[in-house]
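Asker: predicted model, plus sequence, below.
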Amino acid sequence: MARDMNAGVSDLGGCQIESTLQLLDGKWKGVILHHLLKDDVLRFNELVKRLPSITHRMLSKQLRDMEVAGLVARTVYPVVPPRVDYSLTPLGRSLEPVLQAIGRWGQEHLVAVAEASASSSERPVGAAAIMRSAA
């Protein structure tokens, strides 16, 4: 079931950051938007090839959510076999600087995040942490 995006804005007290993140929530939406920014128009199976670990059901759901939000346009051609193209709307295309900024941040900082995560996994947790601090 699709969410009402306007209801989300009022539920969050008008916080634009949270509202924007709601539009991009999920593992796949940012990646789908990235591919549509690069290639303008893609068919469903082309997206499946570019995202080999996504299920058809999940891809359909993510595309449907973005279509409801006004980010993606779905064009159905009356041919056999059916042909459906996906492209970004002007609203979806306006997310390009946001996605580029996220990509730059990832290039600059993901190594540090991985190192911090690895070092925190070496720290004892739970009972082992309590025993170590008591000693």
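Answerer: All right, it came through fine.

Asker: on the pLDDT front, check G14 for me.
Answerer: In this model, G14 is scored at 65, pLDDT.

Asker: meant to ask about A114, not that
Answerer: For A114, pLDDT reads 86.

Asker: how much space separates it from Q100?
Answerer: Between A114 and Q100 the computed distance is 22 Å (C-beta to C-beta, to the nearest Å). (Each C-beta comes from the backbone N, C-alpha and C, glycine too.)

Asker: T75 contacts E67, correct?
Answerer: No: with contact defined as C-beta atoms under 8 Å, T75 does not reach E67; the gap is 10.8 Å.

Asker: those two - which one has more neighbours?
Answerer: Between T75 and E67, counted using other C-beta atoms under 10 Å, the more crowded position is E67 (16 against 10).

Asker: return the distance of the helix or strand hosting that one from the chain's centre.
Answerer: Here E67 sits within helix 56-68, counting by DSSP states H and E. Its chain's average C-alpha position is 11 Å from that of helix 56-68, according to C-alpha atoms, centre = their mean, to the nearest Å.

Asker: kindly report the same for stretch 94-108.
Answerer: For stretch 94-108, the distance to the chain centre is 12 Å (C-alpha atoms, centre = their mean).

Asker: can you tell me what sits against the helix holding E67?
Answerer: Applying C-beta atoms under 8 Å, 6 or more residues apart in numbering, the external contacts of helix 56-68 come out as 2-3, 5, 23, 26, 28-29, 32-33, 44, 47-48, 51, 54, 72-74, 86, 92.

Asker: that'll do, ta.
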